[in-house]
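K.L.:
Next comes the sequence, and after it the predicted model I'd like to discuss.
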Amino acid sequence: MKYLNWDQKTVTDFSEKNLREMYEKGYVFTRIDRGVMQQTRSVRLDLSKFELTSENRRIIKKVPDLMIQSVDLPLGGAASDLGGRTSSYDFTIGKLAKDFYETKFGPGIMSAQKVKEMLTDQSKSNFNCLLNFSLNENAPIGFAIVYTTPTFMHYSYPFYNLNESAKDMGLAMMVKTIVFAKESGLKYVYLGSLQRPTDTYKLQFEGLEWFNRKEWSKDLEEVKKLLTMSDMVTG
């Protein structure tokens, strides 16, 4: 699978200021390698304008016991008690991600080894936080690998147990993350890119903006037309 991107840069300045400016220009971190960012049709929420809609509330009600907790990356090798949640790497996390992406998008999209690298090897990974999703106080049923700063979060690479999760688990995880980010005082949540017709589900959120290659736009009708013109996977 190829992803829509107009430009690629490798940054060496990992200061919050520089990365905030890169995200402002439509660049997002990738899993390719440390520092690699691609400019894409990025989509973000201005959390000062975000409020739960009736549709958002309906999704949350479908998974009423869903809990979220953030764990700093890289994960350690020894387990520690975080209320039954994950603070150490286990091969089952990589396998869960591999199985999820293979089922949803086809073989070869995400390997267990790449997931392990992103979660444990800071010299190769751009991501600094793992979100754990659980039902009540049970072990995690889903995860999301993210990059977060004091001002914004990039929600990226979510995966969950497809056999044991509710139908709308993926969207419920996203809504919970957005609420979590707003309650944490962040300014923006970046939700990846808009590149395929199936990405229209991201347009349901209040405060949404998308990068049109030149600037951030709030014109949802324009981007809907772009997404329905083709099932593009490249620029």
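P.N.:
Great, that's in hand.
K.L.:
May I ask you to name the longest strand in the protein?
P.N.:
strand 152-160 (DSSP state E).
K.L.:
Name the surrounding residues that touch that strand.
P.N.:
20, 23, 28-29, 31, 44, 96-97, 100-101, 110, 115, 118, 127, 129, 133, 141-148, 169-170, 173-174, 177-178, 181, 186-192 (C-beta atoms under 8 Å, 6 or more residues apart in numbering). The way it works is simple: take the backbone N, C-alpha and C, and place the C-beta from them, glycine included.
K.L.:
Now list the buried members of those residues.
P.N.:
Buried residues within these, counting neighbours by 16 or more other C-beta atoms under 10 Å: 23, 28-29, 31, 44, 96-97, 100-101, 110, 115, 118, 127, 129, 133, 141-148, 169-170, 173-174, 177-178, 181, 186-192.
K.L.:
can you tell me which of those are in strands?
P.N.:
Checking the buried ones among the contacts of strand 152-160 against DSSP E, those in strands are 28-29, 44, 129, 133, 142-148, 188-192.
K.L.:
The protein: helices as residue ranges?
P.N.:
Per DSSP state H, the chain carries helices over the ranges 16-24, 54-62, 91-105, 112-120, 169-183, 220-229.
K.L.:
can you tell me the average pLDDT over the third one?
P.N.:
What helix 91-105 shows for mean pLDDT is 95.
K.L.:
now stretch 218-235
P.N.:
Averaging pLDDT along stretch 218-235 gives 76.
K.L.:
In the protein, where is pLDDT below threshold?
P.N.:
Regions of the chain meeting the criterion pLDDT under 70 cover residues 1, 77-87, 230-235.
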